[in-house]
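**Student:** Sequence below, structure please.
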Amino acid sequence: MGLLLLRYGEIALKGQNRAFFLRKLRRNVRRCLKANGLEGEVWQEGQRIYLETGEVRPAVEAVKRVFGIVSLSPVQVVGTPADGTHPNLAAIAREATGVARRAGLGPARSFRVRARRSDKSYPYTSPQVEEEVGAAIVAATGAPVDLSKEAGLEIGIEIQTGRAFVFGEVIPGPGGLPLSSQGRVVALLSSGLDSPVAAWLMMKRGCGVIPVHFSTSPAQTEQVEALVEALNRYAYGWSLKLITLSHEEVLAPVLAQLRELHAERWTCLFCKRVMLAKAAEIATDMGASALVTGDSLGQVASQTVMNLEVISHGIEKPILRPLIGMDKTEIMDLARQIGTYQASTQASHTCPFLPDHPLTQARVEKLEELLARMEGTGGLPGTSKKGSQGR
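**Tutor:** Predicted coordinates:
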């Protein structure tokens, strides 16, 4: 059996609500193990969560995708001898030397030791532990010491009451908050790069995401299904289930009215308004509190500040835009990191309703005039005639 040390971050700052978030996190780790066909015991002691399993490497690969986990490490445990009150420093040094050797440390690779004491009664300070353990590793491997972050290997030591942990890996997790700890949101999901990344970021903030796709073709639907599959690799605590609607059927009635009024330049804005309005209806039906889009400020014509105001005007649910301040390069990098890039770029789908000269600087006043002229519209389903109320 092996032991994994799981670290969380901002959950520690949650005060009286901390226990709620930690229960969610432990539960999601257990669900992660089950979903990946792994067995293990998960428990918490103090400010650490532990996972004991006989399948350490597969467990690492799975658990590092659990939201709320900042980092994790496979650890070696040094216990307290029967005739002592603290872990023996020589035993810690021996275990650390073993970790260094298994990592392939030698004269051509530098290292450093970082020690942390939660047990302040331990008779050696953290710098003393680092010095003694470092000297033992140098003697055993001939490796040079480098106290900077540029060291080739970092040996970590955590000294707790009655035991010490030694590790040579700190594997990053996604961080954030446990999935499903922050309610539900409806995410408008296209086959492009942006919206899957936006959905992932809301998952990172603890939201259960309900993906809604307005499809233009079966091929596009298949591509979005692949994106949902990629996102579900992180969905421990909430499973994403795709809702697919026909883009043409949703947009056609409004598009016909725009053509009749010779207002085709408004097509992109009304397209987004119609989709948001329909998503707001779904959110109400499914108990979701907000909508999520992949808008990035200024990236395309519909995403100017003025157009975003028009698109949002009157929508009855808050609209969250986690990518709003990111540029395309940042979004692409994150898509690669989370595993949605390949599915997003395997094919490109052009909107069949794109006008020749879309508006870039629309105004709410003009929108309201146009709505008044659109017989039988009076706004859109899922919108409020009172306006956006600051959203």
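**Student:** longest strand in the chain, by residue count?
**Tutor:** As assigned by DSSP state E, the longest strand anywhere in the chain is strand 69-79.
**Student:** same for that one, what does it pack against?
**Tutor:** strand 2-8, helix 56-63, helix 89-102, strand 163-167, strand 171-172 (3 or more C-beta pairs under 8 Å, 6 or more residues apart in numbering; DSSP states H and E). The C-beta positions use only the backbone N, C-alpha and C, and glycine is treated the same way.
**Student:** quick one: strands adjacent to that strand?
**Tutor:** strand 2-8 (antiparallel), strand 163-167 (antiparallel), strand 171-172 (antiparallel) (DSSP bridges).
**Student:** quick one, the helix or strand just after the first one and helix 56-63 angle?
**Tutor:** Right, strand 2-8. Note on strand 2-8: by DSSP states H and E, the next helix or strand toward the C-terminus is helix 18-35. With axes from the mean of the first three to the mean of the last three C-alpha atoms, to 10 degrees as the basis, helix 18-35 and helix 56-63 are set at 120 degrees to each other.
**Student:** And the helices in the stretch 251-391 of the chain?
**Tutor:** Here the stretch 251-391 of the chain has its helices, by DSSP state H, counting those that start in this stretch, at 267-286, 305-312, 328-338, 341-345, 364-373.
**Student:** Give the buried residues for the shortest one.
**Tutor:** Read it as helix 341-345. 341, 343-344 (16 or more other C-beta atoms under 10 Å).
**Student:** Kindly reformat these as JSON lines containing pLDDT and distance to residue 147.
**Tutor:** Putting the buried residues of helix 341-345 into JSON lines (pLDDT from 0 to 100; distance: C-beta to C-beta, whole Å) gives the following:
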{"residue": "341", "pLDDT": "96", "distance to residue 147": "37"}
{"residue": "343", "pLDDT": "94", "distance to residue 147": "43"}
{"residue": "344", "pLDDT": "95", "distance to residue 147": "42"}
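**Student:** Closest one of those residues to residue 254?
**Tutor:** residue 344 (27.5 Å; C-beta to C-beta).
**Student:** Distance check, the closest one against residue 319.
**Tutor:** 22 Å (C-beta to C-beta, to the nearest Å).
**Student:** got it, and residue 136?
**Tutor:** From residue 136 to residue 319 the distance is 58 Å (C-beta to C-beta).
**Student:** now swap in residue 131 and tell me
**Tutor:** Per C-beta to C-beta, residue 131 is found 55 Å from residue 319.
**Student:** Show me the shaky parts of the stretch 201-350 of the chain.
**Tutor:** By pLDDT under 70, the stretch 201-350 of the chain has no low-scoring segment.
**Student:** how does it look with 90?
**Tutor:** Applying pLDDT under 90 to the stretch 201-350 of the chain flags residues 248, 250-265, 267-268, 298-303, 346-350.
**Student:** before we move on, the earlier item: quick one, which of residue 131 and residue 319 is more surrounded?
**Tutor:** More crowded of residue 131 and residue 319, by other C-beta atoms under 10 Å: residue 319, with 19 against 15.
**Student:** Just say which of the strands paired with strand 69-79 is most tucked in.
**Tutor:** strand 163-167 (a mean of 23; mean count of other C-beta atoms under 10 Å).
**Student:** ok, and what's touching that one?
**Tutor:** Here strand 163-167 makes contact (C-beta atoms under 8 Å, 6 or more residues apart in numbering) with 3, 5, 73-80, 87, 92, 95-96, 99, 155-158.
**Student:** Filter these down to the buried ones.
**Tutor:** Using 16+ other C-beta under 10 Å, the buried members of the contacts of strand 163-167 are 3, 5, 73-76, 78, 87, 92, 95-96, 99, 155-158.
**Student:** wouldn't residue 105 be in contact with residue 154 here?
**Tutor:** No. The pair residue 105 / residue 154 is not scored as a contact, 10.8 Å apart, by C-beta atoms under 8 Å.
**Student:** Report how many residues lie close to the closest residue to residue 288 other than its chain neighbours.
**Tutor:** The shortest distance from residue 288 to any non-neighbouring residue, by C-beta to C-beta, 6 or more residues apart in numbering, is to residue 184 (4.0 Å). By other C-beta under 10 Å, 17 other residues sit near residue 184.
**Student:** What residues are bridge-paired with residue 184?
**Tutor:** residue 208.
**Student:** per the record, what domains does this structure have?
**Tutor:** 2-172, 184-373 (automatic domain parsing).
**Student:** Dump the ones you listed into a markdown table; add distance to residue 178 as well.
**Tutor:** Putting these into a markdown table (distance: least, C-beta to C-beta, whole Å) gives the following:
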| stretch | distance to residue 178 |
| --- | --- |
| domain 2-172 | 4 |
| domain 184-373 | 6 |
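**Student:** Ranking these by mean neighbour count, which comes first?
**Tutor:** With neighbours defined as mean count of other C-beta under 10 Å, the domains of the chain peak in mean count at domain 184-373, which reaches a mean of 19.
**Student:** distance between the ends of that one?
**Tutor:** Domain 184-373 has an end-to-end distance of 36 Å (criterion: C-alpha to C-alpha, to the nearest Å).
**Student:** one step back: redo the helices of the stretch 251-391 of the chain as CSV? Include distance to residue 223.
**Tutor:** Shown next, in CSV, are the helices of the stretch 251-391 of the chain (distance: least, C-beta to C-beta, whole Å):
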stretch, distance to residue 223
helix 267-286, 18
helix 305-312, 24
helix 328-338, 14
helix 341-345, 6
helix 364-373, 32
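**Student:** residues in contact with the residue nearest to residue 99 when sequence neighbours are not counted?
**Tutor:** Of all residues not flanking residue 99 in the chain, residue 168 sits nearest, at 4.3 Å (C-beta to C-beta, 6+ apart). When contacts are counted by C-beta under 8 Å, 6+ apart, residue 168 touches 99-100, 102-103, 153-156.
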